[in-house]
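Q: I'd like to go over a predicted model; first the sequence, then the structure.
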Amino acid sequence: MSNMNMEFPWIRNSPAFHHMLRASGQSEVWYDFSDEAKFNQYGWRCSTKEDAYSNATLIGNWSEERFDTRRTVALRRPLPHQFSHYFETTYYSSYKKPDVQPIYTTPKRESKSFPGHQPELNPPHTKCVPNSCYRLDFTGPQHREEKTETSEPQRETN
């Protein structure tokens with residue numbers, strides 16, 4: 001017991017069992033035997049940013065902090081000014097990412113050759129059907145050009 005008194009001099013003047021109270025899960029000893037001592041403990045220091053967790057970590061009352069209107073207003077980017085490109089640094093202009101515009105069009109449904117095939121997602125240059133000899137020779141009667149014979153014979157020009 002004498003070694004403990006040497007390490008922690010506040011043990012002599014404090015109430016019993018105070019050294020068994022824990023401040024957090026990090027095994028900090030809670031020794032709030034006086035008003036001055038308790039403000040140096042972890043749980044009482046609420047004005048500092050000493051937590052290992054940020055608002056992005058989903059613990060405690062995270063929904064109140066994440067959906068707070070003050071936070072969303074602070075995270076909102078301002079509208080670009082008409083002269084803002086004059087104040088852009090060389091580093092920023094050479095390393096900035098181009099703005100990706102989202103595509104909000106829904107592809108139209110097309111007939112599928114088999115259930116796993118999605119032709120509406122194919123690029124346009126692959127959707128054209130080449131006119132082969134077979135397709136030209138064996139077209140339906142509604143697509144054939146009718147050759148009409150004229151009453152006059154065609155004259156050859158020399």
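A: Looks like it arrived, so ask away.

Q: Find the least confident helix or strand in this structure, judged by mean pLDDT.
A: When each helix and strand of the chain is scored by mean pLDDT, DSSP states H and E, helix 2-7 comes last, with a mean of 53.

Q: Tell me the first helix or strand C-terminal of it.
A: helix 35-38 (DSSP states H and E).

Q: low pLDDT regions in this structure?
A: For the chain, the stretches flagged by pLDDT under 70 are 1-33, 38-64, 101-119, 143-158.

Q: try it again with 80
A: Where the chain drops to pLDDT under 80, the residues are 1-81, 85, 93, 96-123, 125-131, 134-158.

Q: backbone phi and psi for residue 141, please?
A: Per-residue torsions, residue 141: phi -70, psi -30 (degrees, to the nearest 10).

Q: Show me what whatever helix or strand residue 72 lives in is packed against.
A: Here residue 72 is covered by helix 69-75, with elements defined by DSSP H and E. Under the contact definition 3 or more C-beta pairs under 8 Å, 6 or more residues apart in numbering; DSSP states H and E, helix 69-75 sits against no other helix or strand. (C-beta placed from N, C-alpha, C; glycine too.)

Q: Output that helix as PDB, nothing but the C-alphas.
A: This file holds the C-alpha atoms of helix 69-75, laid out as PDB (Å, rounded to 0.1, in the frame of the first residue of the first chain):
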ATOM      1  CA  THR A  69     -29.600  21.600 -40.500                       C
ATOM      2  CA  ARG A  70     -26.600  23.700 -39.400                       C
ATOM      3  CA  ARG A  71     -24.300  20.900 -40.500                       C
ATOM      4  CA  THR A  72     -25.900  20.600 -43.900                       C
ATOM      5  CA  VAL A  73     -25.700  24.300 -44.400                       C
ATOM      6  CA  ALA A  74     -22.000  24.300 -43.400                       C
ATOM      7  CA  LEU A  75     -21.300  21.500 -45.900                       C
END
